[in-house]
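> sequence isn't available, so here's the structure alone:
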Ligand code: HEM
């Protein structure tokens, strides 16, 4: 039987965008990086957990390049998951700094537009963040919120990663608009 990807269906495919804006920490300053990127989302089937939870799964890979020098400066892999029974939407992700998280939230649909909103917090027993000892001590991720809006040929997202770095709290933000490649 064909799998119903529900609110995740519109993600599937390859998306490209060149209007990304990253705000990142520097020791005594803020770095602003305009970027372009490709995100590939693939249908990854379903899984059963403890014989009672069924999750529908989309796998993704995000490759982000600085406009100033074409360098890949962010590489992220992860999964979006949807529990059709409860409506819960989850995003798990890993970034190659020694940081992973599982964020939870929901999907809302308006016409042909779907919005997925998820959040995670360091120490949250439900939706948490895991980091290496170095990152815990020097560049800790305290919280993460991510909102992605998907319509048939346009995808946009807005995310906030709250960091504890260089002795201060820092709002590390990323936003972007992509189109189906
Ligand atoms: C489009 C997405 C993202 C881009 C383009 C991006 C880019 C950057 C950049 C340029 C820095 C500064 C690095 C440096 O100065 O050496 C940084 C730092 C950091 N980012 Fe991101 N980031 C993104 C998403 C994320 C996400 C989703 C997380 C975690 C959930 C994250 C966690 C961190 C952490 C912990 C640091 C501090 C490391 C440091 O500055 O030394 N980032 N990011």
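That came in fine, so what should we check first? None of the values given here were measured: they were computed from a predicted structure.
> the strands in this structure, which residues?
Taking DSSP state E as the criterion, the chain carries its strands at 13-26, 29-49, 53-66, 72-83, 89-95, 99-110, 113-121, 129-131, 139-151, 154-165, 168-180.
> which parts of the protein sit against the ligand?
Residues of the chain lying near the ligand by CB under 6 Å from any ligand atom: 22, 24-26, 31, 33, 35, 64, 73-74, 95, 97, 99, 101, 135, 139, 141, 144, 161, 163, 165, 172, 174. (Each C-beta comes from the backbone N, C-alpha and C, glycine too.)
> name only those of these that count as buried.
Buried members of these, scored by 16 or more other CB atoms under 10 Å, are 22, 24-25, 33, 35, 64, 74, 95, 99, 101, 135, 139, 141, 144, 161, 163, 165, 172, 174.
> switch the strands of the chain over to JSON lines; also include distance to residue 2 and mean pLDDT.
Below are the strands of the chain laid out as JSON lines (distance: least, CB to CB, whole Å; pLDDT from 0 to 100):
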{"stretch": "strand 13-26", "distance to residue 2": "17", "mean pLDDT": "98"}
{"stretch": "strand 29-49", "distance to residue 2": "10", "mean pLDDT": "98"}
{"stretch": "strand 53-66", "distance to residue 2": "12", "mean pLDDT": "98"}
{"stretch": "strand 72-83", "distance to residue 2": "15", "mean pLDDT": "98"}
{"stretch": "strand 89-95", "distance to residue 2": "20", "mean pLDDT": "98"}
{"stretch": "strand 99-110", "distance to residue 2": "20", "mean pLDDT": "98"}
{"stretch": "strand 113-121", "distance to residue 2": "19", "mean pLDDT": "98"}
{"stretch": "strand 129-131", "distance to residue 2": "35", "mean pLDDT": "98"}
{"stretch": "strand 139-151", "distance to residue 2": "20", "mean pLDDT": "98"}
{"stretch": "strand 154-165", "distance to residue 2": "23", "mean pLDDT": "98"}
{"stretch": "strand 168-180", "distance to residue 2": "21", "mean pLDDT": "98"}
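> got a markdown table for those strands, with distance to residue 6 too?
Shown next, in a markdown table, are the strands of the chain (distance: least, CB to CB, whole Å):
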| stretch | distance to residue 6 |
| --- | --- |
| strand 13-26 | 16 |
| strand 29-49 | 11 |
| strand 53-66 | 6 |
| strand 72-83 | 5 |
| strand 89-95 | 9 |
| strand 99-110 | 7 |
| strand 113-121 | 9 |
| strand 129-131 | 26 |
| strand 139-151 | 12 |
| strand 154-165 | 17 |
| strand 168-180 | 19 |
